[in-house]
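> what follows is a predicted structure for the sequence shown.
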Amino acid sequence: MTPELTRFGEEMSHLTGVRAIMKDIIETLQAGQGQQFINLSAGNPVILPEIEQLWRDCTQDLLASSEYGNVVCRYGTSQGYEPLIAAIKDDFNQRYGLELSDRHILITPGSQALYFLAANAFGGYHTNGRMKDIVLPLSPDYTGYGGISLVPEAVRAYRPTIAVDEAAHRFRYRPDFSQLSITADTGFVLFSRPCNPSGNVISAEDVRSIADLAAVHHVPVLVDSAYAPPYPALNFTEMEPVFGDNILHCMSLSKAGLPGERLGIAIGDPAIINVLECFQTNFCIHSSRYGQAIAARAIASGELARLAEQVIRPYYQDKFAVLAAALDRALPQSLPWYLHNGEGAIFAWLWFDRLPITDQELYQRLKQRGVIVVPGNPFFPGLRPEQGEPWPHTRQCLRLSLTASHADLTTAAQHLGALVAEVYQTQAVPA
Ligand SMILES: Cc1ncc(COP(=O)(O)O)c(C=O)c1O
């Protein structure tokens with residue numbers, strides 16, 4: 001049976017961005033029986049023994065408590081499990097000198113769901129018929145933003161400025177304030193900090209500038225802190241969360257070892273929280289209470305923040321250093337390749353300037369050599385042709401996951417180096 005779909009049904013029944021690539025990757029892995037692939041595509045965090053143990057201990061504590069039935073066998077409030085909200089409120093008030101009340105916090109089933117709620121509450125067509133954009137101020141950014149709006153044309157991304165250190169083969173993005181437009185037609189602003197895919201951490205000063213531009217028009221700014229301190233603390237450079245009247249600080253416990261439990265957290269103005277909470281009640285009632293109950297214990301005891309700093313961050317920071325050194329050895333010095341500064345998250349982001357083939361072809365050819373990465377193009381959702389000529393950069397990047405072993409990262413860099421040398425040598429390099 002082929003049911004007739006609505007406009008929204010059409011939109012939501014396609015896989016967007018990296019999810020479409022992932023399908024190809026899974027098929028490759030399944031079809032390649034016998035062939036050993038080095039898989040640098042994963043977004044799934046590594047199961048770190050200390051972190052798994054933390055969640056086991058919290059589960060044991062929950063099982064032994066009289067609360068168990070109340071947590072697992074009953075519905076709760078849509079805003080979230082009260083002890084988790086209290087634990088987050090106390091931790092943030094103490095850590096950052098805030099004055100949060102319970103009404104400043106909302107728990108969602110993962111942060112992707114939180115962005116979906118925000119995208120469709122604040123972006124798209126308003127009651128007066130006006131279209132309000134979802135502004136991504138620094139492209140590339142998280143590929144999942146491409147699928148959050150029922151009105152995809154609402155997503156509008158802006159090209160960044162690029163600072164290149166040619167000799168070191170490194171580069172870094174920054175929001176381009178000369179292009180960025182936040183107006184009365186903006187629904188909300190959204191960016192990840194640290195950023196998936198590039199590992200960029202937008203400076204606190206730039207976050208405040210964006211928030212100030214948005215405040216003029218009462219526009220919320222959602223800072224996707226899926227990799228930020230205090231948990232999972234996947235920042236390799238100094239950074240602090242930025243708070244403000246129109247800033248919604250959005251977190252995820254996925255990279256702190258709980259991706260399966262689906263836990264997102266929004267912290268901000270109670271008026272914004274209330275809109276999202278009502279939307280959530282209509283949509284799915286609430287997040288898993290088991291996940292919320294073990295998270296409440298890990299946050300209240302301080303163990304999650306401690307292990308994030310002492311175990312999660314060093315694990316990935318070390319992987320980045322190993323991969324960066326391997327790339328420096330394996331990629332030809334004479335070619336215009338650049339690695340984005342590793343400021344955070346769990347990926348390395350490579351740019352091959354004037355690449356003679358597309359990122360998709362590079363991905364396919366690397367796959368033939370047994371290495372699976374993610375082509376960069378899906379990480380540019382919301383860029384429009386009318387914002388200038390097609391931007392070649394969107395077809396010149398690759399994302400490499402830091403979840404593989406040291407040996408695999410080193411071997412992958414060698415294969416990539418050999419392939420890239422061949423590609424630039426045998427194919428015409430664009431001017
Ligand atoms: C930047 C960013 N935001 C949001 C998400 C979604 O995370 P979740 O829905 O598991 O909280 C991810 C997942 O990888 C991400 O990388």
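Good, I have the coordinates. Numbers count the residues shown, from 1 in each chain.
> hey, let's count contacts and neighbours off CA atoms from now on
Fine.
> quick one: the strands in the stretch 301-431 of the chain?
Ranges of strands within the stretch 301-431 of the chain are 337-340, 347-352, 371-372, 374-375, 397-401, based on DSSP state E, counting those that start in this stretch.
> chain center to the second one, what's the gap?
Pointing back at strand 347-352 there. The chain centre lies 15 Å from the centre of strand 347-352; the measure is Cα atoms, centre = their mean, to the nearest Å.
> alpha carbons of that strand, as PDB, please.
Taking Å, rounded to 0.1, in the frame of the first residue of the first chain, the C-alpha atoms of strand 347-352 are listed here in PDB:
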ATOM      1  CA  PHE A 347      35.600  14.500  14.900                       C
ATOM      2  CA  ALA A 348      38.400  15.800  12.800                       C
ATOM      3  CA  TRP A 349      37.400  18.000   9.800                       C
ATOM      4  CA  LEU A 350      39.600  18.200   6.700                       C
ATOM      5  CA  TRP A 351      39.500  20.700   3.900                       C
ATOM      6  CA  PHE A 352      41.100  20.000   0.600                       C
END
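> helices or strands up against that strand?
Judged by 3 or more Cα pairs under 8 Å, 6 or more residues apart in numbering; DSSP states H and E, strand 347-352 is in contact with strand 337-340, strand 397-401.
> pLDDT on the longest one, on average?
The one in question is strand 397-401. Mean pLDDT, strand 397-401: 98.
> and the first one, by the same measure?
The pLDDT scores in strand 337-340 average 98.
> neighbouring strands for that strand, and are they parallel or not?
When pairing is defined by DSSP bridges, strand 337-340 lines up against strand 170-174 (parallel), strand 347-352 (antiparallel).
> hang on, the earlier thing: for the ligand, which of the strands of the stretch 301-431 of the chain is the nearest?
strand 347-352 (9.7 Å; Cα to the nearest ligand atom).
> and the closest one with strand 397-401, angle?
With axes from the mean of the first three to the mean of the last three Cα atoms, to 10 degrees applied, the angle from strand 347-352 to strand 397-401 works out at 160 degrees.
> ok, and does strand 347-352 reach over to the ligand?
No. Strand 347-352 lies out of reach of the ligand by Cα under 6 Å from any ligand atom, never closer than 9.7 Å.
> returning to what we had before: with respect to burial, which of the strands paired with strand 337-340 scores highest?
strand 347-352 (a mean of 23; mean count of other Cα atoms under 10 Å).
> after the helix or strand hosting A113, which helix or strand is next?
Assigned by DSSP states H and E, A113 belongs to helix 111-122. Next along the chain after helix 111-122, taking DSSP H and E as the criterion, comes strand 124-125.
> distance between whatever helix or strand comes next after that following strand and the chain's centre?
Toward the C-terminal end, the helix or strand that comes next after strand 124-125 (DSSP H and E) is strand 131-136. Averaging C-alpha coordinates over strand 131-136 and over its chain gives two centres that are 19 Å apart (Cα atoms, centre = their mean).
> now strand 131-136 and helix 111-122, what's the angle there?
150 degrees.
> need phi/psi at G110.
Dihedral pair for G110: phi 90, psi 160, per degrees, to the nearest 10.
> pLDDT at it, what is it?
97.
> that one against L263, yeah?
Yes. In this structure G110 lies within contact range of L263 using Cα atoms under 8 Å: 4.1 Å.
> those two - which one has more neighbours?
L263 (25 against 22; other Cα atoms under 10 Å).
> who touches the more buried one in this structure?
I107, T108, P109, G110, S111, S252, L253, S254, S287, S288, G291, Q292 (Cα atoms under 8 Å, 6 or more residues apart in numbering).
> thought L258 was touching the fifth one, still the case?
This points to S111. No. With contact defined as Cα under 8 Å, S111 does not count as touching L258 (11.9 Å).
> so R103 sits in a strand?
No. Counting by DSSP: H, G, I helix; E, B strand; the rest coil, R103 is not part of a strand but helix.
> isn't it up against A266?
No. Applying Cα under 8 Å, one finds R103 not in contact with A266, separated by 10.7 Å.
> hang on, the earlier thing: what would the strands paired with strand 337-340 look like in CSV with distance to F320?
Below are these laid out as CSV (distance: least, Cα to Cα, whole Å):
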stretch, distance to F320
strand 170-174, 13
strand 347-352, 7
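> helices of the stretch 101-250 of the chain, start to end?
111-122, 204-215 (DSSP state H, counting those that start in this stretch).
> would the first one count as contacting the ligand?
Yes. Applying Cα under 6 Å from any ligand atom, one finds helix 111-122 in contact with the ligand at S111, Q112.
> helices and strands around that helix, which ones?
On a contact count with 3+ Cα pairs under 8 Å, 6+ apart, helix 111-122 meets strand 186-192, strand 247-252, strand 264-267, helix 270-283.
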